[in-house]
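1. Sequence first, then the predicted structure:
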Amino acid sequence: MEFTTPLIPARLIRRYKRFLADVTLDDGQEVTVHCANPGSMMGLATPGTKIWLEPNDDPKKKLKFGWRLVDHENGHFTGVDTSVPNRALKAALLTHQVLELPAYDLVRAEVKYGTNSRIDFLLSGAGPDTYVEVKSVTLSREPGLAAFPDSVTARGAKHLVELAAMVAQGHRAVMFYLVQRTDCSAVTLASDIDPAYRAAFDHAMQAGVTVLAYRCDITPLGVSLGPPLPFRL
């Protein structure tokens, strides 16, 4: 998935109100940008951090830049836009790049299911329907180890309950952790941050929900599905 317009570098001044950030462009101009990430962004929002922005000329958008990447300035990047993993995974599903998910005839996004929920992807046409919920993983508190979640997520726990219910109905359900960091080689749960999510996860695993974890390949040019990662508890 390539970015629609070329990214430009900036330095973070502050992130606030979850979806806003003030930054300094290379020419010294200070602007407010959109931050498409409702999480805590733990470890990613330190003032002075080098970041990458995507400009837009959409007259309907008040903010003319969107924050897309954190540049760790050591050759590694973290993607902060939580909509990107779904787009990258959809492209991979349509081209059959996920080995654990066979070549389904139909890939549908945002399909209603469960109790007032929408599944990220519903795969149909090869065996039982497969319900795929995607989570963007950006937290890392140990070198090489990514962790989810970075804040309490009652919505995420609800998704796990819904996936378990789909298995009980005879479908296949997959919890797909997509790591938007190029510096991690394994994934785990941040159980100390949200014990309720861990409890829902354990229930889902006992019910037969499948866990998959992959890393993204990330550059200022775009984001694509990278290699599978081990999931550790």
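-> That came through fine.

2. hang on, isn't residue 190 packed against residue 149?
-> Yes. Using Cβ atoms under 8 Å, residue 190 is in contact with residue 149, at 6.0 Å. C-beta here means a position set from N, CA and C on the backbone, and glycine is covered the same way.

3. Neighbour count: the two, which is higher?
-> residue 149 (24 against 19; other Cβ atoms under 10 Å).

4. From the chain's centroid, how far away is the lowest-mean-pLDDT helix or strand in the chain?
-> For the chain, counting by mean pLDDT, DSSP states H and E, helix 84-94 ranks last in confidence among helices and strands (a mean of 91). Offset of helix 84-94 from its chain centre (Cα atoms, centre = their mean, to the nearest Å): 11 Å.

5. what does it contact?
-> With Cβ atoms under 8 Å, 6 or more residues apart in numbering as the test, helix 84-94 has contacts from 1, 68, 79, 98, 101, 104, 107, 109, 120-121, 123, 132, 134-136, 176, 178, 180, 216, 223-225.

6. hang on, the earlier thing: please enumerate the shared neighbours of residue 190 and residue 149.
-> With Cβ under 8 Å, 6+ apart as the test, residue 190 and residue 149 both reach residue 139.

7. taking the contacts of helix 84-94 one by one, which sit in strands?
-> Using DSSP state E, 68, 79, 107, 109, 120-121, 123, 132, 134-136, 176, 178, 216, 223-225 are the members of the contacts of helix 84-94 that sit in strands.

8. Need the buried ones from those residues selected in ChimeraX.
-> A single ChimeraX command selects the buried members of those (16 or more other Cβ atoms under 10 Å):
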select :68,79,107,109,120,121,123,132,134,135,136,176,178,216,223,224,225
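
9. so what's residue 96 scoring on pLDDT?
-> Note on residue 96: pLDDT of 89.

10. what do you get for residue 106?
-> At residue 106, pLDDT is 93.

11. center of the chain, which residue is that?
-> Central residue of the chain (Cα atoms, centre = their mean): residue 136, 1.8 Å from the mean position.

12. Tell me how far that residue lies from residue 25.
-> 26 Å (Cβ to Cβ, to the nearest Å).

13. pretty sure residue 153 is in contact with residue 197, am I right?
-> Yes. Using Cβ under 8 Å, residue 153 is in contact with residue 197, at 5.9 Å.

14. Look at these two and report which has more neighbours.
-> The residue with more neighbours, out of residue 153 and residue 197, is residue 197; 24 against 19, by other Cβ under 10 Å.

15. so which helix or strand takes in that one?
-> helix 195-207 (DSSP states H and E).

16. What residues of that helix count as buried?
-> Per 16+ other Cβ under 10 Å, helix 195-207 contains these buried residues: 197-198, 200-201, 204, 207.

17. List just the nearest of the residues you listed to residue 12.
-> Nearest to residue 12 among these is residue 197, at 27.7 Å by Cβ to Cβ.

18. neighbours around the closest residue to residue 181 other than its chain neighbours, how many?
-> Closest residue to residue 181 apart from its sequence neighbours, by Cβ to Cβ, 6 or more residues apart in numbering: residue 78 at 4.7 Å. Number of residues near residue 78 (other Cβ under 10 Å) recorded here: 26.

19. Tell me what residue 78 is bridged to.
-> residue 70, residue 181 (DSSP bridges).

20. domain parsing for the chain?
-> By the record's domain assignment, the chain is partitioned as 8-78, 84-228 (automatic domain parsing).
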